[in-house]
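K.L.:
The following comprises the amino acid sequence and a computationally predicted model.
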Amino acid sequence: MRTTITALVIVSIGLLGGCGLTLPAPPTPTTQSTSTIPPIPSFGGRFAWPSGLEITLGAATPHTLSEQARGLYPNIGRVMAFAVTLVNRTDRPVKPAIMVFSARRTGVPDPEAAKAPSIRDQAANIGIGLDTPDLAPGQTFQGTVAFGLPEQPGPLRVEVSPDLVGAQPRAVFEGTA
């Protein structure tokens, strides 16, 4: 039955074509516009939120924990620190203390094992300066964040949320650490 219907369709098209009727040409594929997704900045790169707040996350640098901090993180293989620069180009104060920094090793199948814990080392002023009061419009702030990692370097993704509730998109930085 299927062969008969196909044959009838082919014959009908051939007959219509022979009668001077022309069939419309098949539609030509069109190029759809794709939204431009900005590339993920690498360590040392800059990200700007629509509000005007900007962040630069410096390159990963090794950090040796102070005696005080070493006791708090006994199972950390090594610590990598990142300089943070915030520039407030908004029209209102920004609270660096409510920013959330997180990191995870990419390519690690176990989500728990992929997490890189945030490190606070008060003696070295790492992870402490972000507790600063409001950053007024036009002001710049510089501080340092750090994460605990295993001994072997690998790909790392650092995400920064400018607020506790995640109302704005996260800044994402990637690199090897």
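P.N.:
Everything's here; your move. Numbering: from 1, shown residues only.
K.L.:
contacts and neighbour counts: CA atoms only from here.
P.N.:
Noted.
K.L.:
And the helices in this structure?
P.N.:
Assigned by DSSP state H, the chain shows helices spanning 2-18, 67-70, 111-114.
K.L.:
By mean pLDDT, show me the worst of those helices.
P.N.:
If you rank the helices of the chain by mean pLDDT, helix 2-18 sits at the bottom with a mean of 42.
K.L.:
how close does the closest residue to residue 64 other than its chain neighbours sit to residue 88?
P.N.:
Of all residues not flanking residue 64 in the chain, residue 79 sits nearest, at 6.8 Å (Cα to Cα, 6 or more residues apart in numbering). From residue 79 across to residue 88, the span is 28 Å (Cα to Cα, to the nearest Å).
K.L.:
Residue 77 now?
P.N.:
The gap separating residue 77 from residue 88 is 35 Å, by Cα to Cα.
K.L.:
So which of those two has more stuff around it?
P.N.:
The residue with more neighbours, out of residue 77 and residue 88, is residue 88; 22 against 11, by other Cα atoms under 10 Å.
K.L.:
beta partners of the more buried one?
P.N.:
For residue 88, the beta-bridge partners under DSSP bridges are residue 53.
K.L.:
And the lowest mean pLDDT element among the helices and strands of the protein?
P.N.:
One helix or strand of the chain scores below all others by mean pLDDT, DSSP states H and E: helix 2-18, with a mean of 42.
K.L.:
count of neighbours near the residue lying closest to residue 131 once chain neighbours are set aside?
P.N.:
Using Cα to Cα, 6+ apart and skipping the chain neighbours, the partner closest in space to residue 131 is residue 97 (4.5 Å). Residue 97 has 17 neighbouring residues, counting by other Cα under 10 Å.
K.L.:
so residue 97 touches residue 130, yeah?
P.N.:
Yes: Residue 97 is within contact range of residue 130, at 5.2 Å (criterion: Cα atoms under 8 Å).
K.L.:
returning to that earlier point: wait, doesn't the residue nearest to residue 64 sit right on residue 60?
P.N.:
No: using Cα under 8 Å, residue 79 is not in contact with residue 60; the gap is 9.5 Å.
K.L.:
So for those two, which sits in the more crowded spot?
P.N.:
Just comparing residue 79 and residue 60: by other Cα under 10 Å the higher neighbour count belongs to residue 79, 23 against 20.
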